[in-house]
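Asker: quick one: sequence and predicted model below, then my questions.
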Amino acid sequence: MSLRMSRRDLLLAGAAMPVLLSVVPARGEAQRIETLLDRMTLEEKAGQLTLVNDPFRWRPGNVNPDAFDPGQQAVAQEIREGRIGALFNGIGAAQARYAQHLAVQESRLGIPLLLAADVIHGLRTIFPVPLAETASWDPDLAARTARAAATEAGASGIHQTYAPMVDIARDQRWGRVVEGAGEDVLLGRLFAAARVRGFQGDELRDASSLVATPKHFAAYGAAEGGLDYAGAELSERALREVYLPPFRAAFDAGACSVMCGFNTVNGIPATADPWLLQQVLRREWGFRGYVVSDYTADAELVSHGFAEDARDAVRLAFLAGVDMSMNSRLYQRYLPELVAEGVVPMARLDDAVRRVLRVKEALGLFDDPWRGMDSEREARVVRAPAHVALARDAARRSVVLLRNEGGLLPLRPDLRLALIGPFGADADNVLGPWSIFGEREHAVTLEAGIRAAIADPDRLTVVPGSGIESDLPGGIDAAVAAAGAADVVLLAVGESQWMSAEGHSRTEIDLPPPQAALVEAVMQAGRPVVVLLKTGRALALTGSVAEADAIMVTWFLGQEEGNAVADLLFGSAAPSGRLPVSFPLRTGQQPFYYARLSTGRPAQAADQAYTAHYRNLPDGALYPFGHGLTYGSVRYEPPRLTAERLMAGGRLTATARLVNDGARDADEVAQLYLRDRAARVVQPRRLLKAFSHVTVPAGGAVEVSFDLGVGELAYLGPDMQPTADPGWFDLWIAPNAESGVAAAFRLD
Ligand code: NOJ
């Protein structure tokens with residue numbers, strides 16, 4: 001027997017929300033689009049679907065067309081001829097105004113350009129990388145940083161961002177884990193929606209709003225072996241339960257564009273997959289925005305072995321549902337002839353153009369093509385003090401304190417400190433790998449932040465000790481000497497920002513050997529050690545680094561990194577972040593995530609024969625998903641349920657008392673996990689269903705409650721419809737995915 005979910009059940013559980021169609025134009029505007037369509041040639045229609053790299057970027061101040069190189073002149077001419085409808089990754093009000101002038105005043109129909117950019121975690125004020133920000137477990141924070149980024153980008157003439165990246169990432173070898181919200185579906189959905197709301201604001205016509213483009217549709221993060229651009233082989237169930245929900249959440253929040261992935265999904269390139277782009281996206285979800293390809297992904301259908309040649313690639317991508325082509329220029333080249341020859345129906349071409357024009361209309365570009373292109377406003381808005389303050393706050397809240405033996409942290413500001421490691425004084429790995437418009441000179445290094453925070457700046461010694469992936473002659477000796485002379489050692493080690501990011505997958509997700517040797521030697525000096533761990537993914541911490549007295553994951557925190565880390569080290573703020581990805585024991589466990597399906601042979605003891613464990617390892621995390629310490633010390637007391645039985649249509653509340661035995665108030669993220677003991681499809685060992693931020697006063701206690709209905713118990717049944725089976729459920733209210741206090745209840 002099973003219970004069908006009512007729409008109300010699912011709404012209460014947040015599983016389905018009303019779809020916002022923010023790109024449906026009013027009648028007069030729709031007419032304007034139709035009138036234009038009637039007047040457009042085939043070439044002009046293909047032009048609206050052609051997006052190329054902005055060649056006018058990076059020119060400070062006024063644009064000087066007389067000094068253009070041939071490439072710039074060629075693009076200017078194509079815009080005049082209506083053969084390009086959108087540019088990306090340019091920046092600056094003056095440049096944008098110039099490009100827009102070509103389209104609006106020098107092209108036949110005067111259709112404004114759409115100017116897009118990868119505004120991922122800030123435009124000029126750089127916030128923490130998305131994975132780090134997700135460690136705040138605070139979607140509202142992500143909405144606020146996205147809003148600030150949109151305000152700056154809008155003032156630099158940009159209309160659209162290629163964000164948020166909403167790919168669930170469960171293999172930490174993949175380089176692009178850094179760009180998303182980690183491994184969990186609930187966090188993925190909440191952060192996707194929050195970021196879309198932040199970017200798009202309340203009103204798209206406002207010059208501080210950007211069209212959001214969730215990417216990469218779909219399952220790009222499920223690349224086999226964690227190898228970027230590799231294919232994803234996965235069941236429809238995994239797609240629908242894990243990889244698609246963050247996209248759905250982004251569309252429910254109003255996102256009016258989407259970018260498809262470079263990858264194949266079960267053998268079909270996402271760039272040419274009618275099931276994804278028509279069945280799921282349009283028919284099931286009612287998406288009304290436009291689909292953009294990833295960078296030259298249409299052309300890549302040939303190297304995939306899916307299309308015979310470039311023309312065939314255009315036919316396949318376009319007929320599957322990709323409306324706009326990024327940077328290959330293939331739509332411009334082949335669409336007119338494909339339509340003229342009847343291979344592609346004119347109606348399909350008109351649909352795609354209509355979708356793009358609707359987005360331009362929704363942005364208000366037909367009424368005000370100069371929207372946001374005002375250099376004076378740009379100067380005021382970009383890097384405004386409020387944005388910088390937000391960057392510092394966001395950075396503080398993104399740090400995860402993994403370990404703090406003996407309460408070493410926070411530190412007294414009068415200690416002699418040695419800051420050792422390749423990242424101590426380094427400004428090249430502060431902003432993060434997706435900050436193309438951020439400037440190094442604004443990056444506050446660890447050294448700068450710490451020096452500014454301590455009582456006597458001369459009590460800080462800074463020694464690199466090693467390079468990031470290379471030895472430094474004499475480096476280790478100098479580091480050991482500095483450690484010996486210090487009261488506390490701060491070890492700034494980890495990955496460079498280019499060890500994460502697109503095209504930067506790793507086979508070993510550990511400390512590079514020269515840094516591991518440095519850590520080994522410095523730890524021998526016997527001083528208390530705080531590791532400040534830079535990374536864009538979960539790392540496998542092995543050897544001495546895992547034994548340090550304290551470990552803080554500092555990711556790539558954006559421009560305020562040094563200040564934020566100093567705030568936490570010296571206790572003017574307390575760490576409150578929680579891991580959005582599981583830290584494994586070894587690389588070889590990948591893909592590794594907490595919500596794995598229950599096995600028939602769970603290991604009860606570390607080396608129990610013929611159970612699910614590795615020969616040399618227990619089946620667990622070094623630091624589980626959800627883990628993070630603060631300066632208080634919080635205990636969870638056993639939960640109480642308002643009922644042991646939940647009837648269909650009813651609700652049940654689970655409450656736990658959280659007690660802080662420490663001397664400081666503690667910011668706790670109490671997490672609710674469930675397990676369905678017996679379902680018609682095997683369910684995860686645990687699944688995050690809700691979480692709540694609470695402050696537990698020093699020496700005091702608070703109660704945290706979670707309200708549950710049948711909607712929270714739903715899974716996709718054998719027929720792929722949401723369902724719940726009567727029977728027993730385990731529930732944990734927990735500080736992370738591997739511990740907590742438990743209770744059980746029955747669904748009747
Ligand atoms: C390729 C990346 O996969 C995508 O995320 C990005 O938006 C485009 N390049 C444009 O830069």
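Answerer: Happy to help now that I have it. Numbering: from 1, shown residues only.
Asker: roughly how far out does the helix or strand where Arg315 lies sit from the chain middle?
Answerer: Element membership for Arg315 (DSSP states H and E) is helix 310-320. Mean-position distance between helix 310-320 and its chain equals 30 Å (Cα atoms, centre = their mean, to the nearest Å).
Asker: now do stretch 734-744
Answerer: Using Cα atoms, centre = their mean, the offset of stretch 734-744 from its chain centre is 26 Å.
Asker: likewise stretch 136-149?
Answerer: Worked out by Cα atoms, centre = their mean, stretch 136-149 lies 11 Å from the chain centre.
Asker: what packs against the helix holding Arg315?
Answerer: Packing contacts for helix 310-320, counted by 3 or more Cβ pairs under 8 Å, 6 or more residues apart in numbering; DSSP states H and E, involve helix 300-303, helix 330-340, helix 346-362. C-beta coordinates here come from the backbone N, C-alpha and C atoms, glycine included.
Asker: in the first one, what counts as buried?
Answerer: This means helix 300-303. Using 16 or more other Cβ atoms under 10 Å as the test for burial, helix 300-303 gives 300-302.
Asker: assign a three-state SS to the closest residue to Val178 other than its chain neighbours, would you?
Answerer: Closest residue to Val178 apart from its sequence neighbours, by Cβ to Cβ, 6 or more residues apart in numbering: Gly536 at 3.1 Å. Under DSSP: H, G, I helix; E, B strand; the rest coil, the three-state class of Gly536 is coil.
Asker: same question for Ala690.
Answerer: Reduced to three states by three-state DSSP, Ala690 is strand.
Asker: dump the residue contacts of the residue nearest to it when sequence neighbours are not counted.
Answerer: Distance criterion Cβ to Cβ, 6+ apart; nearest residue to Ala690, sequence neighbours excluded, is Leu672 at 4.4 Å. By Cβ atoms under 8 Å, 6 or more residues apart in numbering, Leu672 lies in contact with 654, 688-692, 706, 708, 731-734.
Asker: neighbour-wise, give me the winner out of those.
Answerer: Ile733 (27 neighbours; other Cβ atoms under 10 Å).
Asker: just after the helix or strand harbouring that residue, pick out the following helix or strand.
Answerer: Taking DSSP H and E as the criterion, Ile733 maps to strand 727-734. Scanning forward in sequence from strand 727-734 by DSSP H and E, the next helix or strand is strand 741-747.
Asker: quick check: buried residues in that following strand?
Answerer: Residues of strand 741-747 classed as buried by neighbour count (16+ other Cβ under 10 Å): 741, 743, 745, 747.
Asker: angle of that strand against strand 727-734?
Answerer: 150 degrees (axes from the mean of the first three to the mean of the last three Cα atoms, to 10 degrees).
Asker: how far out from the middle of the chain is strand 741-747?
Answerer: The mean C-alpha position of strand 741-747 is separated from the chain mean by 33 Å, Cα atoms, centre = their mean.
Asker: could you report the neighbour count for Glu361?
Answerer: Using other Cβ under 10 Å, the number of residues around Glu361 comes to 23.
Asker: I'd say it and Pro25 touch.
Answerer: Yes: counting by Cβ atoms under 8 Å, Glu361 touches Pro25, with 5.0 Å between them.
Asker: mind listing the shared neighbours of these two?
Answerer: Joint contacts of Glu361 and Pro25 (Cβ under 8 Å, 6+ apart) are Ile33.
Asker: show me the contacts for the residue nearest to Val178.
Answerer: 129, 131, 175, 177-178, 432-433, 495, 497, 499-501, 555-556 are the contacts of Gly536 under Cβ under 8 Å, 6+ apart.
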